[in-house]
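> Coordinates only, no sequence provided:
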């Protein structure tokens, strides 16, 4: 098989991850707030994004601070916040189980200012429209079965590896980033590199951990702008086209794991889906000349 980095997924079942996914989605807002508060805003809002760190197996923010830069992180498997030095030293940990979201923001702001200069002051919270959950109104984080959080970790690790391969082959592909609003991890392939308007053609390739469309992780490929009369060609590896509300090629986790539990087979299946979906999306946006 082409990769030894894919970790077998499917146990627990994809549809059982909702509770863990929602807690992690809200928890991710805390490290994302560090970049939003202390970094200059960018046109694509990427100052708030996180990236997968394979060595630490965490979602990690960008360095902030002047004299001793630090990085805020979320350890998905343990549902805890972490502060890292840019040299990868683990400076401080904060387990969220039994804590509130307010306590999480307060802790992260305090330790960031203690270890680095230029990051004084409270963290600024975003007004994203996030999925409803009790932690938003003061309920404590309650960590459920560890297997669900560990499985979420595997999905993000696998997505990072698969999407990094896509980025390596594509021209004008963005870094693989986790966006705190939707909690998806993705790379954006720009087809019109010299244009920056709403009609600039691009393809977004990523993994959502689950949302209102699919209550489970799913890989997706979205062409933009959405073609008015798209030709929905067949997709490899069991993928299908989502057409209600938005257009995109989708491979749900349940379909992926139903086809086999062996890690290499799952990795190849995702690669084939992404390759066929990218080709189809490119043809939609850049049809061959007749």
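Everything's here; your move. This is a predicted model, so every value here is computed, not measured.
> Going by residue numbers, what spans are strands in the stretch 1-150 of the chain?
Using DSSP state E, counting those that start in this stretch, the strands assigned to the stretch 1-150 of the chain run over residues 51-53, 58-60, 70-75, 80-85, 90-95.
> In TSV, list the ones you listed along with distance to residue 193, mean pLDDT and mean neighbour count.
Any C-beta I mention is one placed from the backbone N, CA and C, and that applies to glycine too. What follows is the strands of the stretch 1-150 of the chain, written out as TSV (distance: least, C-beta to C-beta, whole Å; pLDDT from 0 to 100; neighbours: other C-beta atoms under 10 Å):
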stretch	distance to residue 193	mean pLDDT	mean neighbour count
strand 51-53	22	97	19
strand 58-60	28	98	26
strand 70-75	30	98	26
strand 80-85	33	97	22
strand 90-95	39	97	15
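> now for those strands, which one comes closest to residue 197?
Proximity to residue 197 (C-beta to C-beta) singles out strand 51-53 among those, at 27.3 Å.
> quick one: low-confidence parts of this protein?
1-4, 196, 289-290 (pLDDT under 70).
> Out of the strands of the stretch 1-150 of the chain, the one nearest residue 252 is which?
With C-beta to C-beta as the criterion, residue 252 lies closest to strand 51-53 of these, at 20.9 Å.
> In the sheet, which strands lie alongside the closest one, parallel or antiparallel?
Within its sheet, and counting by DSSP bridges, strand 51-53 is paired with strand 58-60 (antiparallel).
> picking up where we left off before, closest to residue 37 out of the strands of the stretch 1-150 of the chain?
strand 70-75 (10.1 Å).
> other SSEs contacting the closest one?
Packed against strand 70-75, as judged by 3 or more C-beta pairs under 8 Å, 6 or more residues apart in numbering; DSSP states H and E, are the following elements: helix 18-38, strand 58-60, strand 80-85, helix 101-115.
> possible to save the strands of the stretch 1-150 of the chain as TSV with distance to residue 121?
Formatted as TSV, the entries for these read as follows, by distance: least, C-beta to C-beta, whole Å:
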stretch	distance to residue 121
strand 51-53	24
strand 58-60	22
strand 70-75	15
strand 80-85	16
strand 90-95	18
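> which of the helices and strands packed on strand 70-75 sits most buried?
By mean neighbour count, with neighbours taken as mean count of other C-beta atoms under 10 Å, strand 58-60 ranks first of these at a mean of 26.
> The chain: helices as residue ranges?
If you assign secondary structure with DSSP state H, the helices in the chain sit at 18-38, 101-115, 146-169, 253-258, 263-285.
> Relative to residue 12, which of the ones you listed is closest?
Between residue 12 and the helices of the chain, the shortest separation by C-beta to C-beta is 5.4 Å, and it involves helix 146-169.
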